[in-house]
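# Just need the structure, nothing else, for what follows:
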Amino acid sequence: MRFTTAQKIRRLLNKVEKAITRFFNPRWLRKLTKSTSKTLKKAESQVARSTRKVTKGVAQSAVGRGAKDAQKFGSRFQKNVKTFFLSLWKTIVVIASWIIPQSVRTAMKKVGKRIWKRFRTLFQFIGRWLKTRQYSLLIGGIPAIAMTGVLMYFLVRIPLQTNDSKVRQYTRAVEIAIGKKDSTAADLFQRQLTLLGGMTEQNQYRAALYKFEQGNFEEALTEIKALAPLDKDSRGYGRAHSLMALWILSGEVTLPEDDVWPTAEAHINLALRSNDNDPVALAARMELYKQKGLAGKAILEFESLNTESPAINLSVVELYLSQGKLEKAKETLRKIDKYYQDRYEGETEINPMGYLYWTQTKLLLGEFQEADRLFKIAAEKHADDEDLKQRALDYFVIMAELSRGPTAQSANRAMDYIRLGLRLVPDSRTMLTKLVNLASGSDEASKIASEEIKQILAGENPPAILWSMVGTLEASRGNLDKALPLLMRGAEENPKDELTLNNCAWVQMKIAENQASGRTEDLKTALELVDRALALKPNWPKFLETRGEIFLAMGQPKNAIEALEKCVNGTDKPTPTPHELLAKAYQQLKDPGVAEMHRDIARRLRSGTFIP
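Purely as a prediction, here's the structure:
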C-alpha cells in the first residue's frame, strides 16, 4: 500500500508524539494515576453515602422536621401571596371593566401592547429577578436601604431648601445655644438670621432678652426700645412693651420723675392691646398700682394673675403686710418657699436672684438659720455676682431698720440682718454704718450692736473703715481720748481715707486745746493730718473748716481767715460754724465790724432766716 507524501509526514508526527508521550508519561505512572483515580472515586462515593445518611438523619430529626415545616410554610405563604395578588388583580380588572367603557379599554389595551412591545425585555427581567430572589437574605439589607434613604433625603432636600426652612433651623439653633448658655454660638446664629432676613420681632425680642441676661443691659435696652415705640404709627411688639414697663417701674430705665408712671402706663396699655392676658404686662400694671399707693387694686390684679413668679409674689407680700393681711402674707411666703424647695430638690438650677428671693422668703418667715444656709450656697455657686450682693445688702439694710425696736428680741432680729450682710460683704460701708448707728443709741439694740463691734474689732483682719466709724462715734459722744487711737488706727489701715484723716485732725486739735503741755506739737500733728486730707480732696469745705479752726487754736488768725474764706466761698449750702470761726478770727485781728457781720450770718443760718 502506497502512502502519499502528506500521509507519510502525518504518520511520522504521530510516532514522534507517541514516543514523547511514552517518555514523559511512562506506563508505571499511568497505572499509578489510574489506581489513585479509582481510590478517589471510591472515597467520594463513600462521602456521598455518608452525607446522604447525615442529611437523612438531620431531616428525620426535630431540627430537620422544623426546617421542612418552615420551607413548606414559606412555599405556601409565597403561593398564597401570589394567589392573593392575582385574585386582587383579577378583581381590579373586573371592576375596571364595569367602570371603564369598552372603547377606553380597547384604547388602553393597544397602548399597553405598544408599551409591552417596547419594554417587554425589561419587564421580563424584573419579573424573573423578583421571582428568583431569596427574600429571607434580602432582609439583612433593610438597614442599609434605610440609611441610603435618609442620605438620599438630605441630598435632595439641602439643594431644594427654602429660605423659610433655613430661618426655622437657625431660630431653633439660637434657642439651643441660649439654653446651653453658649453666647458665641447664639450671636453667630443670630447674625446668620439677620443675613437671611429672618430676625422677626419675636427673634429680636429673644436676642435682646438674652443680652440682658448676659449683663449687656445697654444693648438690650436699645433693641427693646426699637421694638416698643410709643408713636401712633407703630404698635410695636407686645412683650417688648411689657418688659419696658417693668424696667421703667423698677428704675432700670432712668426717666424724669413726672414721666415714669405715664410712660409705664402707655407701654402696659400697648402690651395688653396685643395680648390682654400677657402675664408680664399684668404684673407691670400691678407694680404701677402698688407705686401709686393703690394697694387694693394691686392685690386684685395679683389674684387675677395667678402667677408662680417669686418676684411678683414677694412684691404682693409687702402689700398684704401693709393691709394687715398677715395670713395671706404667710400663705404667699409658703408658696414661694415650696416653689424653690421643689426646684432645689429636683436639682433644677437656681439663678442668683432666685437665691436672693428664697432667702428673703426665709427671713420674712423668721427662719434665719435657713436664710444663712441659703446665702452660703449662693455665695459658693455665684461668688462673682455683684448684683446679687448689692441687692441683698440693700434689702438687709431696710430690714435691719424695720426690725429695730426697744426690746431685746427686735434688737437681735435687726442684728441678724446686719450679720447676714457683713457675712456676704465683710467690709460693706453701708452695713458697718448701720451697725455703728445701731450702737449710737442707749437702748437694748445699742448694747447688742456695741458688743458685736467689739467682737469684730477683736477678730482677725477687721474692716479698716470700722476703726474710723467707731472713733467718730466715740468723738460724737465726747470721748475724745477713746476716739483718737481708734481714728489713728483707721488712718494707718487706710491712709487714703480723707474723711478719717480730717476727723483724726479735729479730735487731735480738741485734745490739744484741753492740754496744758505739748499743745503746739499736737496742733502741728493735727495740721499735717488735715493737709493730707486736703491733698486727697483739695478745697473740700469741711476740711478747710477744720484747717481754719486749727490755725485759730495755733494763734494764727490770718491763716485761719484764708482757709475759712475758701470754705465759705466754696459751697452753695452755707453752715453757721465757718462764720462763727471767722468772727473769732476777725475779733483777734481787732476788726469787730466784720466779726459782727459773720456772727449775724451764723445766727440767721441757725434760725433758718438767712437769705444769700
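
# how about the helices in the stretch 451-600 of the chain?
Applying DSSP state H, counting those that start in this stretch to the stretch 451-600 of the chain gives helices spanning 464-476, 480-493, 498-513, 519-536, 541-553, 557-569, 576-588, 592-607.

# can you redo those as CSV with mean neighbour count, distance to Leu424 and mean pLDDT?
Using the backbone N, CA and C atoms, a C-beta is placed for each residue, glycine as well. Output for those, formatted as CSV (neighbours: other Cβ atoms under 10 Å; distance: least, Cβ to Cβ, whole Å; pLDDT from 0 to 100):
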stretch, mean neighbour count, distance to Leu424, mean pLDDT
helix 464-476, 21, 16, 84
helix 480-493, 20, 21, 86
helix 498-513, 24, 24, 88
helix 519-536, 18, 29, 87
helix 541-553, 24, 31, 89
helix 557-569, 20, 39, 88
helix 576-588, 21, 38, 88
helix 592-607, 15, 42, 86
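
# and those as TSV, adding distance to Asn203?
Output for these, formatted as TSV (distance: least, Cβ to Cβ, whole Å):
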stretch	distance to Asn203
helix 464-476	49
helix 480-493	54
helix 498-513	52
helix 519-536	52
helix 541-553	55
helix 557-569	59
helix 576-588	62
helix 592-607	62
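
# So what's the residue count around Ser35?
10 (other Cβ atoms under 10 Å).

# Quick check: which element contains it?
Secondary structure assignment for Ser35, by DSSP states H and E: helix 27-60.

# same question for that helix, mean pLDDT?
Mean pLDDT, helix 27-60: 66.

# and if you look at stretch 253-262?
83.

# Equivalent analysis for stretch 356-367, please.
83.

# ok, and what's touching that stretch?
310-311, 314, 317, 329-330, 333-334, 336-337, 340, 350, 368, 370-371, 374-375, 378, 388, 391-392, 395, 399, 417, 420 (Cβ atoms under 8 Å, 6 or more residues apart in numbering).

# okay, and for the stretch 251-400 of the chain, where does confidence drop off?
In the prediction, the stretch 251-400 of the chain carries residues with pLDDT under 70 at positions 379-380, 383.

# in the stretch 251-400 of the chain, which spans are helices?
Per DSSP H, counting those that start in this stretch, the stretch 251-400 of the chain has helices spanning 260-274, 279-291, 295-305, 310-322, 326-345, 352-364, 368-381, 386-403. These are given in chain order.

# List the buried residues in the last one.
Right, helix 386-403. By neighbour count on 16 or more other Cβ atoms under 10 Å, the buried set for helix 386-403 is Leu388, Lys389, Arg391, Ala392, Leu393, Tyr395, Phe396, Val397, Met399, Ala400, Ser403.

# Redo the residues you listed as a markdown table? Include distance to Ile142.
A markdown table is the format used below for the buried residues of helix 386-403 (distance: Cβ to Cβ, whole Å):
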| residue | distance to Ile142 |
| --- | --- |
| Leu388 | 57 |
| Lys389 | 62 |
| Arg391 | 61 |
| Ala392 | 62 |
| Leu393 | 67 |
| Tyr395 | 65 |
| Phe396 | 68 |
| Val397 | 72 |
| Met399 | 69 |
| Ala400 | 73 |
| Ser403 | 74 |
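
# before we move on, back to that, can you turn the buried part of the contacts of stretch 356-367 into a PyMOL selection?
To isolate the buried members of the contacts of stretch 356-367 in PyMOL, using 16+ other Cβ under 10 Å:
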select buried, resi 310+311+314+317+329+333+336+337+340+350+368+370+371+374+375+378+388+391+392+395+399+417+420
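
# what about the residue lying closest to Met554 once chain neighbours are set aside, distance to Gln588?
Leaving aside its chain neighbours, Met554 sits nearest to Leu523 (5.1 Å; criterion: Cβ to Cβ, 6 or more residues apart in numbering). Going from Leu523 to Gln588 by Cβ to Cβ, to the nearest Å gives 16 Å.

# now swap in Leu487 and tell me
29 Å.

# Ok, Val111 next?
Taken as Cβ to Cβ, the span from Val111 to Gln588 is 132 Å.

# Please apply the same query to Lys290.
For Lys290, the distance to Gln588 (Cβ to Cβ) stands at 60 Å.

# All set now, cheers.
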